[in-house]
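In: Structure for the following, please:
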Amino acid sequence: MTQQNRIILISGVISVVLAFFAGFLGGRLATSPAGEQAPAAVIRAQRFQLLDADGHLRGRFEVDPKGVARLVLDDQNGTPLVSLAADPQGAANIQLSDAKGQDAVMLKTVPQGQQTVALFHGGQARIALQAQTNGNPVINLYDQNKRLIAMGLDGQGDSHLTFFGENQEKALQLVCKPSGDRKLTIDSKDGMPRILLGLKNNQKAALGLFDRRGKTRVALMDEPSLFLLKNGKVIRTLH
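Out: Numbers count the residues shown, from 1 in each chain. So this is what the prediction gives:
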């Protein structure tokens, strides 16, 4: 055991002993009905250090200068594996790391905000399950820390599946409504809709093609009717 660790360990023991005798000398030490001394020790501190049998620092329990209460548990090499934290505003998180100290699992809750459970591999986010601020659930899938797929529900019971492009823009979205409406939208890189395939009230089908500005160029209905448009105006109709 190093001299520094001996000092830390001895200081901790002295603190416990002094706290015990302070209560005893105060003449207020509680006793049980059988006359036995009841456990009566409250230790107050801003920081505790945990040492194993070999004197290695294995964790700490502290309140940092920002008021965040934190418990950190390390392996024998000092790599943090478990972290629990609660800040004064009511946010809390639990974080698990792998043997390299990289993020592995995270559980985070924010007052009146979204709650998140995230899984990582090699320190990079792979999947996140969220309850958003409005209560809507969403599952996000990531690659190289970029969201590529999102699946969720909204407050009206509509379900959606969205694929994202390389710049995080919406590329393809499928929406299903309880009313029977179905919609598949394919967008360009700048977010403009280019292709729309829909089903209205589970009866009427439609296909729409759009130019780069998002203006409708072709509309095919299930009457059947084919509409050709230019600058938003119908120029030709086929039945």
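In: need the contact list for S159.
Out: Going by CB atoms under 8 Å, 6 or more residues apart in numbering, S159 touches 151-153, 175-176. Backbone N, C-alpha and C define where each C-beta goes, glycine included.
In: Give me the buried subset of the residues you listed.
Out: By neighbour count, with 16 or more other CB atoms under 10 Å, the contacts of S159 hold 152, 175-176 as buried.
In: In CSV, list the C-alpha atoms belonging to stretch 68-81.
Out: What follows is stretch 68-81, C-alpha atoms only, in CSV (Å, rounded to 0.1, in the frame of the first residue of the first chain):
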residue,chain,number,x,y,z
VAL,A,68,-24.1,17.0,-9.2
ALA,A,69,-24.2,13.9,-6.9
ARG,A,70,-22.1,11.2,-8.6
LEU,A,71,-21.1,7.6,-7.9
VAL,A,72,-18.3,6.2,-10.1
LEU,A,73,-17.1,2.6,-10.0
ASP,A,74,-13.8,1.6,-11.6
ASP,A,75,-12.0,-1.6,-12.5
GLN,A,76,-8.6,-2.4,-10.9
ASN,A,77,-6.8,-0.3,-13.6
GLY,A,78,-8.9,2.8,-12.8
THR,A,79,-11.1,2.6,-15.9
PRO,A,80,-14.6,3.9,-15.0
LEU,A,81,-17.2,1.1,-15.7
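In: ok, Q49 - how many residues close by?
Out: Around Q49 there are 15 other residues, counting by other CB atoms under 10 Å.
In: Hmm, it is touching R60, no?
Out: Yes: using CB atoms under 8 Å, Q49 is in contact with R60, at 5.3 Å.
In: Could you name every residue contacting both of those two?
Out: Applying CB under 8 Å, 6+ apart, one finds that no residue jointly contacts Q49 and R60.
In: Same list, the buried ones among the contacts of S159, but as TSV with pLDDT and distance to K189 please.
Out: Shown next, in TSV, are these (pLDDT from 0 to 100; distance: CB to CB, whole Å):
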residue	pLDDT	distance to K189
G152	96	23
V175	95	21
C176	94	25
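In: Compile these into TSV and extend it with columns for secondary structure.
Out: Shown next, in TSV, are the buried ones among the contacts of S159 (DSSP: H, G, I helix; E, B strand; the rest coil):
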residue	secondary structure
G152	strand
V175	strand
C176	strand
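In: Turn the residues you listed into a markdown table, columns for distance to P65.
Out: Output for the buried ones among the contacts of S159, formatted as a markdown table (distance: CB to CB, whole Å):
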| residue | distance to P65 |
| --- | --- |
| G152 | 38 |
| V175 | 48 |
| C176 | 50 |
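In: Nothing else from me, thank you.
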